[in-house]
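[1] Need coordinates for the below:
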Amino acid sequence: MRFVFSPPAQAAADLLTLPWDTPLPQWTDDRIVEIPQHGRTRHVVRFVAEAGGVFALKELPEHPARREYEVLRRLRELGIPAVEVIGVVVDRPGGQEAVLVTRFLDYSSSFLALFANPRGLRLIDRVMNAQVELLVRLHLAGVVWGDCSLSNTLFRFDAGTLAAYLVDVETGEVHERLTQRQRDHDTEVAYARVVEELTDLRRRGSLAGDLDPALAAADLVARYEQLWAELTSEEVMPREEQRFHVTERIRRLQDLGFDVGEMDLVEDPAGGSRLRFTTRVAEPGDCRRALFTRTGLDVQEKQARRLLADIASYRAGLAVEKGPVSETAAALRWLTEVYQPTIAAIPAHLRGRLNDAEVFHEVLEHRWRLSQEAGRDVEMQVAVRDYVDRVLSAVSGDMVTSTPRSADQGVAPR
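    Numbering: from 1, shown residues only. Have a look, this model is predicted:
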């Protein structure tokens, strides 16, 4: 039996004592935890709580297991949102299949859980936008998904939007650059799979009756083509408007979460100049890193942007009351006087419904709506109580899956 693990090695070392010589369905180890399986899977998947972490173990043939291991490692290097791969176990006794080990993605939702417990308006739009952005990021990085589907994706709430994470990439391939044919194949697969998945949702009664699965899947492909064109197309512009057009195009790309790798501005025989961009996935996490540096909070990018905006507003208020205050001092005061008390006010039995940063974002949105209705500024404590009673208590416990803990960690397995 061979263990192939990615660094850091500690996570792998903690898993070495598992009963790898036994078929996965037969495991009775007390470290096994149960996680509701909202999504579909072709393979046996078990979850293990060890050393403060939770890991997903998937049993599958060795060749696709090794390929998925390598592709997930490459995705991590490229900064593509995907589950973190820990290792792969091969050459198990009796010709057993290999086991791929990944880290559990906490506070994530399958598409089935999202549609079974819809929150907010136009859920289908938010799901499709997240899926399209993930597929475009893969293609820009030279990655063929091979089996693009909602079932192979997990979603996280990110300041009211959804962020998509690739969770299954058995058929993935990494190339230097993708051809049109390779991209077309992925979108054709995506269309067929999404039609099938949304049709199944409609049979379950989880999809609005007036939503046509075929039209929704076609819209996904159209959104993909629109975003791809925005990121990669050339445009011709008059010489006198070059600076404006270049600035606007770069700003649009950055707003979408992408950077310009190279930019060529060449004279066009028909007049004007032709602007050609080489787009790449942006270095992720500028706001995340800024927030972590100032507060120690590790959240998603859009959540971090929202929290930084609240810190800036809080700092401005401090300046009016007490004079200028540094960013660092304001951030630390905000953390102890605003953020932490807000999260502490959430009842314990509701704390796992959404992650803390998403709860804080929703409290801010709720407070703004209450203030609009009242025509005055509503106090934070009042907004929190009303949010808990009217909003958070209505969020299904099956909406997201927070990190489970084994019984020896003080919480009974689910």
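[2] Report the buried residues of stretch 351-360.
    By neighbour count with 16 or more other C-beta atoms under 10 Å, stretch 351-360 contains the buried residues 352, 353, 354, 355, 356, 357, 358, 359, 360. C-betas here are computed from N, CA, C, even on glycine.
[3] got it, and stretch 160-171?
    By neighbour count, with 16+ other C-beta under 10 Å as the criterion, the buried positions of stretch 160-171 are 161, 162, 163, 164, 165, 166, 167, 168, 169, 170, 171.
[4] Then stretch 372-379?
    Neighbour-count burial for stretch 372-379 [16+ other C-beta under 10 Å]: residue 378.
[5] secondary structure element for residue 101?
    Residue 101 is located in strand 98-103, with elements delineated by DSSP states H and E.
[6] count of neighbours near residue 186?
    A count of nearby residues for residue 186, using other C-beta atoms under 10 Å, gives 21.
[7] you'd agree it is up against residue 139?
    Yes - applying C-beta atoms under 8 Å, one finds residue 186 in contact with residue 139, separated by 7.1 Å.
[8] got any ranges where the stretch 101-250 of the chain has weak pLDDT?
    Under the criterion of pLDDT under 70, the regions of the stretch 101-250 of the chain flagged as low confidence span 234-246, 249-250.
[9] do you know how far residue 113 is from residue 139?
    Relative to residue 139, residue 113 is positioned 27 Å away (C-beta to C-beta, to the nearest Å).
[10] thinking again about what came up before, which is the succeeding secondary structure element to the strand holding residue 101?
    Sequence-wise, the next helix or strand downstream of strand 98-103 (DSSP H and E) is helix 111-116.
[11] Residues in contact with that next one: which ones?
    38-39, 123, 127, 150-151, 153, 155, 162, 197, 201, 204, 206-207, 396, 398-401 (C-beta atoms under 8 Å, 6 or more residues apart in numbering).
[12] Let's see that with 7 Å instead.
    For helix 111-116, contacts defined as C-beta atoms under 7 Å, 6 or more residues apart in numbering pick out 38-39, 123, 127, 150, 153, 155, 197, 201, 206-207, 398-399.
[13] in the stretch 251-400 of the chain, which spans are strands?
    Listed from the start of the chain, the stretch 251-400 of the chain has strands (DSSP state E, counting those that start in this stretch) covering 258-267, 273-281.
[14] For the protein, give the helix that spans the most residues.
    If each helix of the chain is counted by residues according to DSSP state H, the longest one is helix 180-204.
[15] Need the pLDDT of the nearest residue to residue 377 once chain neighbours are set aside.
    With C-beta to C-beta, 6 or more residues apart in numbering as the criterion, residue 377 has its nearest non-adjacent residue at 5.4 Å, and that residue is residue 371. Residue 371 carries a pLDDT value of 92.
[16] separation between residue 371 and residue 360?
    Where residue 360 is concerned, residue 371 sits at a distance of 16 Å (C-beta to C-beta).
[17] do residue 298 as well
    Distance from residue 298 to residue 360, counting by C-beta to C-beta: 14 Å.
[18] ok, back up a step: I'd like to know which of the contacts of helix 111-116 is nearest to residue 97.
    Proximity of the contacts of helix 111-116 to residue 97 was ranked by C-beta to C-beta; the top entry is residue 39 with 20.0 Å.
[19] can you map out the helices along the stretch 251-400 of the chain?
    Using DSSP state H, counting those that start in this stretch, the helices of the stretch 251-400 of the chain run over residues 286-295, 301-322, 327-334, 340-344, 356-374, 380-390.
[20] Run the angle between the fifth one and helix 301-322 for me.
    To tie it back to what came earlier, the one meant is helix 356-374. Between the direction of helix 356-374 and that of helix 301-322, the angle (axes from the mean of the first three to the mean of the last three C-alpha atoms, to 10 degrees) works out to 60 degrees.
[21] which residues make contact with helix 356-374 from outside it?
    When contacts are taken as C-beta under 7 Å, 6+ apart, the neighbours of helix 356-374 outside the stretch itself are 157, 159-160, 297, 299, 303, 306-307, 310, 339, 342-343, 346, 377-378, 380, 383-384, 386-387, 391-392.
[22] Can you go through those and name the buried ones?
    Buried positions within those, assessed by neighbour count (16+ other C-beta under 10 Å), are 157, 159, 297, 299, 303, 306-307, 339, 342, 346, 378, 380, 383-384, 386-387, 391-392.
[23] Next, the buried residues of the one helix or strand residue 226 maps to.
    If you go by DSSP H and E, residue 226 is part of helix 213-232. Taking 16+ other C-beta under 10 Å as the basis for neighbour counts, the residues of helix 213-232 that come out buried are 213, 216, 217, 219, 220, 221, 223, 224, 227, 228, 230, 231.
[24] In CSV: these, plus distance to residue 71.
    Converted to CSV, the buried residues of helix 213-232 look like this (distance: C-beta to C-beta, whole Å):
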residue, distance to residue 71
213, 29
216, 28
217, 25
219, 28
220, 22
221, 23
223, 24
224, 20
227, 22
228, 21
230, 26
231, 22
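[25] quick one on the thing from earlier: between the longest helix of the chain and helix 213-232, what angle do the directions make?
    Orientation check (the same axes, to 10 degrees): helix 180-204 against helix 213-232 gives 140 degrees.
[26] Show me how far helix 180-204 is from its chain's centre.
    Computed by C-alpha atoms, centre = their mean, to the nearest Å, the chain-centroid distance of helix 180-204 equals 20 Å.
[27] can you check stretch 105-118 too?
    When distances are taken as C-alpha atoms, centre = their mean, stretch 105-118 is centred 12 Å away from the chain's centroid.
[28] May I have that stretch exported as CSV, CA atoms only?
    In CSV, the C-alpha atoms belonging to stretch 105-118 read as follows (Å, rounded to 0.1, in the frame of the first residue of the first chain):
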residue,chain,number,x,y,z
LEU,A,105,-15.2,22.4,2.4
ASP,A,106,-17.1,23.8,5.3
TYR,A,107,-20.2,26.0,5.0
SER,A,108,-20.7,24.7,1.5
SER,A,109,-24.0,23.8,-0.2
SER,A,110,-24.8,21.5,-3.0
PHE,A,111,-27.1,22.8,-5.7
LEU,A,112,-29.8,20.4,-4.4
ALA,A,113,-29.6,22.0,-0.9
LEU,A,114,-29.8,25.5,-2.4
PHE,A,115,-32.9,24.8,-4.4
ALA,A,116,-34.6,22.8,-1.6
ASN,A,117,-34.1,25.9,0.7
PRO,A,118,-34.1,28.9,-1.6
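[29] Appreciated, that's everything.
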